[in-house]
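Undergrad: Can you look at this prediction? I've put the sequence above it.
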Amino acid sequence: MEKDLKRSVRRHHLDRLKAKRKSYWGFGRAGHRNRTEMDARRKGMVAQYPSVCSCYMCGNPRKWWKEVTLKEKLHKIVANEDVTLN
């Protein structure tokens, strides 16, 4: 009989993300409100939502300016090169 490991895997990945993103949002450097460590609440927030906000500078360009993203532009360039080479 196998144990269901979904919860433990989910917790493992959450802990992994919290450790990886401990320097997000300006923390981890000296000078951010004289704090170098995040509290538990902020660690949970940064694990769930890594971007600081969704303003026009941080958000998706498709939403704000009706443009394609950089990744989509690169994909079109590669796709066009593949077509011309064949």
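TA: Right, received. Where do you want to start?
Undergrad: Now for Cys58, how many residues are close by?
TA: 9 (other CB atoms under 10 Å). Bear in mind the C-beta positions are built from the backbone N, C-alpha and C, glycine included.
Undergrad: and the closest residue to it other than its chain neighbours, helix, strand or coil?
TA: By the measure of CB to CB, 6 or more residues apart in numbering, the closest residue to Cys58 outside its immediate chain neighbours is Ser51, 5.5 Å from it. What DSSP: H, G, I helix; E, B strand; the rest coil gives for Ser51 is coil.
Undergrad: from what I can see Ser51 touches Met57, true?
TA: No. The criterion here is CB atoms under 8 Å, and Ser51 misses it with Met57 at 10.6 Å.
Undergrad: Show me which of these two is the more surrounded one.
TA: Ser51 (11 against 8).
Undergrad: What separation do you get for the more buried one and Trp25?
TA: 9 Å (CB to CB, to the nearest Å).
Undergrad: Equivalent analysis for Trp65, please.
TA: As judged by CB to CB, Trp65 and Trp25 stand 25 Å apart.
Undergrad: Which of those two has more residues huddled nearby?
TA: Trp25 (15 against 9).
Undergrad: Check the gap between the more buried one and Asp15 for me.
TA: Distance from Trp25 to Asp15, by CB to CB: 18 Å.
Undergrad: Cool, thanks, signing off.
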